[in-house]
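Student: need a 3D model of the following:
(chains A, B, C and D)
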2 protein chains.
Amino acid sequence: MTADDAVRPRAGATRNDVARLAGVSTAVVSYVVNGGPRPVSGPTAARVRDAIEQLGYRPNTTARALAVGSTKTIGLVVPDSTNPFFAEYAWQLQRAATEVGYAVLISNTGFDPVVEERSVLDLCDRQIDGLLVAGASGLRQVDELTRRGRRIPVVLIDVSSPLHGHTTVGPDAIAGSARVVDHLLDVHGHASAALIIGGSADPGADGRERGWTEAHARAGRRLGVVERTPFSRQGGYEAGLRLLRRDDRPTAVFVSSDAQAVGVLHAARELGLSVPGELAVGSFDDSDESRFCSPPLTTARQPARAMADAAITAVLRGGATPEHLVFEMPLVVRRSCGCPAG
Amino acid sequence: MTADDAVRPRAGATRNDVARLAGVSTAVVSYVVNGGPRPVSGPTAARVRDAIEQLGYRPNTTARALAVGSTKTIGLVVPDSTNPFFAEYAWQLQRAATEVGYAVLISNTGFDPVVEERSVLDLCDRQIDGLLVAGASGLRQVDELTRRGRRIPVVLIDVSSPLHGHTTVGPDAIAGSARVVDHLLDVHGHASAALIIGGSADPGADGRERGWTEAHARAGRRLGVVERTPFSRQGGYEAGLRLLRRDDRPTAVFVSSDAQAVGVLHAARELGLSVPGELAVGSFDDSDESRFCSPPLTTARQPARAMADAAITAVLRGGATPEHLVFEMPLVVRRSCGCPAG
DNA sequence: TTGAAAGCGGTACCAG
DNA sequence: CTGGTACCGCTTTCAA
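Tutor: Just a heads-up that it's a prediction; the model follows:
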């Protein structure tokens, strides 16, 4: 109201200013701001609130973090937040975190273990209260972190199989993948399905590969060929091209992510092959894109929302006792497998 | 080496521990950690480094932030990080920020002005060093922030037209949109193009709408119909259905985002209409998806990488003097407009 | 070249 | 119910 622009320090009011204006101690200001830990009389509290209002006082989160030892922030390490599934997952994690008063600091690794290591360290240096890691490559430094210094809770998200000594949350990738391969083999009668999947870090560790293998075994079929390629549309496209140019071109393929599957669709189109007519495709994720591509993808659904809620809950609980949360993956039938529209 | 698990405090070593072990003062530890502001003799520095190594000491970023008044963090407010373009843009911003030692805290608003306001406040409370805002709705509270308390630099990203008093970075949406509409009108000879665009907050404020309008004006054509719908695949799909069921079904449409365009493609497919045969579509963004959908989209390219670099640079410079950085949008010709493959 | 000490903005315990 | 005050971990000025 008055010419207070000149009076107000550019740095913003601190709890000291508030205390002075309200004629109380800083402790009292703290009590009313946080509703505790000591009670404050009505009138006093009112004076404090007035002062806060008048000064436009906002508590300094950094100072609070230093004092209480919690930043109300959780770190998230993902390979590539640009991938439609991770984008959605990250979004859900953020929503879930926000709902309980936490912020999420995201770090992309680009599937590079070195970057991943650096990311984990950076995040920890920022005093995050918990760490969510997708893309399990960097387990080594995660372990080390857990050992030395601040013992911050870590939960591995997006792991296909429960990992010893860590709390994990992820889809039942084995069952989910098997479900789509079964569908290809059983209801559509393909002799086998090829597999398009990511880098060969540790074949067999990936639940998607195992599900694919097991489904073939159960059906008594010989395994189809496998193509390894990056988890991206472009990666899927290239693998698709390779696959579809083979002399023994497969009639069905299970692709380990929607992004790659979109690339496969593109490759088929370019080669003039019809999907599902000449190539049936099943996929994994059920990201938004899978409903809108052509043809829409039959895919195993990752319940991102539920997993996100679980991951946030788990990491905030502190990961004291390792637990393994696995989520069922419903089969979402659309047209890429050969089923009629619907 | 020894049984130091018992010795090492669970809280992690502090600079005090390091100082004690190295037999120096905490100031010296600070000097060697930060390479300044005072010089330290070789031997002393070596002792300190040893101590750091031995204790596995990691500086506490929070404490540092409190002391120096900078969190090395910049806030980013976006409507929906799940949208393919924003996902990519956010990714680029993160990359650019990381390169200069900053982290990015993302907040999604879901296009809700109330949420947006809360987000901006939350971010500021976290003592971010700068704020990037996409989706200009929340200008009011941004202005207010700039006025009271900590004067944090704000840059508006993703604005189509330079905004008074703020530093902005964005594509030349008017020219870019006009470029694709021109293409539809001139090279493919359509009488006019319909427009699919987002919420009607302030028609005319959106550069895409203006570009579309101006292109028609220049060509001496009557404007096509406009459909307003959310910026999502689903939104585009619904708008597409509405548009394509009209008696006076348009022969060409300019869609204001790739995500919506993908929805339009889906709608056309569902109605058995061929693109570009019966409907030519031009779009905006050039996200990865636009290369892989069917048919691939002719679109105006947002130079996300360059814009991200500029945005980070600008916000870090402090936004002292408002500047308006606008980026050209190249036309990317693919097949959805009717041009031959290539 | 190094040490002592005064903050940065809050929190929360201990007295009163 | 409230005030005084010792931290939280690090930075940086001032003296030595």
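
Student: how many neighbours does residue A:81 have?
Tutor: When counting by other C-beta atoms under 10 Å in any protein chain shown, one arrives at 23 neighbours for residue A:81. Bear in mind the C-beta positions are built from the backbone N, C-alpha and C, glycine included.

Student: which residues touch it?
Tutor: With contacts defined as C-beta atoms under 8 Å, 6 or more residues apart in numbering or on different chains, residue A:81 is in contact with A:87, A:90, A:106, A:108, B:81, B:87, B:90, B:91, B:94.

Student: which pLDDT value belongs to residue A:282?
Tutor: Note on residue A:282: pLDDT of 98.

Student: got it, and residue A:205?
Tutor: At residue A:205, pLDDT is 78.

Student: what about it, how many neighbours?
Tutor: Counted by other C-beta under 10 Å, the residues lying close to residue A:205 total 13.

Student: now do the SS call for it.
Tutor: Going by DSSP: H, G, I helix; E, B strand; the rest coil, the secondary structure assigned to residue A:205 is coil.

Student: what segments of the stretch 201-342 of chain A are strands?
Tutor: In order along the chain, the stretch 201-342 of chain A carries the following strands (DSSP state E, counting those that start in this stretch): A:226-228, A:252-255, A:280-285, A:298-301, A:324-327, A:331-332.

Student: need those strands in CSV (columns: mean neighbour count).
Tutor: Shown next, in CSV, are the strands of the stretch 201-342 of chain A (neighbours: other C-beta atoms under 10 Å in any protein chain shown):
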stretch, mean neighbour count
strand A:226-228, 19
strand A:252-255, 30
strand A:280-285, 30
strand A:298-301, 26
strand A:324-327, 18
strand A:331-332, 18
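
Student: now those strands in TSV, with distance to residue A:292?
Tutor: Putting these into TSV (distance: least, C-beta to C-beta, whole Å) gives the following:
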stretch	distance to residue A:292
strand A:226-228	25
strand A:252-255	17
strand A:280-285	13
strand A:298-301	13
strand A:324-327	24
strand A:331-332	13
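
Student: which residues does the nearest residue to residue A:193 once chain neighbours are set aside bridge with?
Tutor: The shortest distance from residue A:193 to any non-neighbouring residue, by C-beta to C-beta, 6 or more residues apart in numbering or on different chains, is to residue A:252 (4.2 Å). Each beta-bridge partner of residue A:252 is listed here, defined by DSSP bridges: residue A:280.

Student: residue A:252 and residue A:186 touch, don't they?
Tutor: No. The pair residue A:252 and residue A:186 fails to qualify as a contact (C-beta atoms under 8 Å) at a distance of 11.4 Å.

Student: where does the stretch 1-150 of chain A have low pLDDT?
Tutor: Flagging of the stretch 1-150 of chain A using pLDDT under 70 yields the residue ranges A:1-11, A:136-150.

Student: now the strands for it?
Tutor: For the stretch 1-150 of chain A, the strands defined by DSSP E, counting those that start in this stretch occupy A:73-78, A:103-108, A:130-134.

Student: those: which one's closest to DNA strand C?
Tutor: Between DNA strand C and these, the shortest separation by C-beta to the nearest atom of the strand is 15.3 Å, and it involves strand A:73-78.

Student: ok now the closest one, how far from the chain's centre?
Tutor: Offset of strand A:73-78 from its chain centre (C-alpha atoms, centre = their mean, to the nearest Å): 9 Å.

Student: circling back to that earlier point, and the residue nearest to residue A:193, how close does it get to residue B:178?
Tutor: If you measure residue A:252 against residue B:178 using C-beta to C-beta, to the nearest Å, the figure is 46 Å.

Student: same question for residue A:37.
Tutor: Using C-beta to C-beta, we find residue A:37 at a distance of 62 Å from residue B:178.

Student: same check, this time on residue A:324
Tutor: 55 Å.

Student: write out the residues of chain A neighbouring DNA strand D.
Tutor: By C-beta under 7 Å from any atom of the strand, the residues of chain A that approach DNA strand D are A:23-28, A:31, A:38-41, A:43-45, A:63, A:66-67, A:69.

Student: among those, name the ones in helices.
Tutor: Where those overlap with helices, as defined by DSSP state H, the overlap consists of A:26, A:27, A:28, A:31, A:43, A:44, A:45, A:63, A:66, A:67.

Student: ranges for the helices of chain A?
Tutor: According to DSSP H, the helices that chain A contains are A:4-7, A:15-22, A:26-34, A:42-55, A:61-68, A:84-99, A:113-125, A:139-147, A:173-182, A:207-219, A:233-244, A:258-270, A:289-292, A:304-317.

Student: distance to chain B and mean neighbour count added to those helices, as a markdown table?
Tutor: What follows is the helices of chain A, written out as a markdown table (distance: least, C-beta to the nearest C-beta, whole Å; neighbours: other C-beta atoms under 10 Å in any protein chain shown):
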| stretch | distance to chain B | mean neighbour count |
| --- | --- | --- |
| helix A:4-7 | 8 | 8 |
| helix A:15-22 | 11 | 19 |
| helix A:26-34 | 12 | 18 |
| helix A:42-55 | 9 | 16 |
| helix A:61-68 | 5 | 18 |
| helix A:84-99 | 5 | 22 |
| helix A:113-125 | 5 | 19 |
| helix A:139-147 | 8 | 16 |
| helix A:173-182 | 21 | 25 |
| helix A:207-219 | 21 | 21 |
| helix A:233-244 | 5 | 22 |
| helix A:258-270 | 5 | 26 |
| helix A:289-292 | 5 | 24 |
| helix A:304-317 | 10 | 21 |
